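Colleague: got a predicted structure plus its sequence, pasted below:
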Amino acid sequence: MTTFGADRDEAIARAAHALEEAIAARIHDRKDVPSPSWGENNAVLPTQTSVKVLLYQGMREQGVGKAELARRLGWHMPQVDRVLDIQHRSRLDMMDAALGAIGRRLHVTAEVLQDTAAVSVSEDSGDYRAQT
């Protein structure tokens, strides 16, 4: 993936959007989404995108497809499609329920970073951070 910007901050902001698009494509194509890596410059994904990735990765690890998730939750398929859609802003209670259906629980903490509130979303298999 390649991105650009007028300066470093703009390029990193564009990289976050490009990463979301790449993740959405991998989910659509039913491919693995790699765990994050850290380097000198890091793009930060929105919290909800990180949670959706954790759900998707958990489903893949357990061999749970969308139909099985719908059955476990008593949901219709469009509801399952929305909790996995990176572009759709899902309610937190829906994300919690979906994670619970695959035996996962979301842990959220807040920490102060240079006068900016940050949210850290983590799960045993990965660590995704999102600034707010």
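Modeller: Right, received. Where do you want to start? Computed from a predicted model, the values in this text were never measured in an experiment.

Colleague: contacts and neighbour counts: CA atoms only from here.
Modeller: Noted.

Colleague: return the per-residue confidence for the spatially most central residue of the chain.
Modeller: Closest to where the C-alpha atoms of the chain average out (Cα atoms, centre = their mean) is Ser50, at 2.3 Å. On pLDDT, Ser50 comes in at 93.

Colleague: same thing with Asp81?
Modeller: The per-residue pLDDT reported for Asp81 equals 97.

Colleague: dump the residue contacts of it.
Modeller: By Cα atoms under 8 Å, 6 or more residues apart in numbering, Asp81 lies in contact with Lys66.

Colleague: gap between the residue nearest to the centre of the chain and Ala6?
Modeller: 27 Å (Cα to Cα, to the nearest Å).

Colleague: just Arg89 next, same as before
Modeller: 29 Å.

Colleague: neighbour-wise, which of those two wins?
Modeller: Each of Arg89 and Ala6 has its neighbours counted (other Cα atoms under 10 Å); Arg89 has more, 12 against 7.

Colleague: the residue nearest to that one when sequence neighbours are not counted: neighbour count?
Modeller: Leaving aside its sequence neighbours, Arg89 sits nearest to Gln48 (Cα to Cα, 6 or more residues apart in numbering; 7.5 Å). Neighbourhood size, Gln48 [other Cα under 10 Å]: 20.
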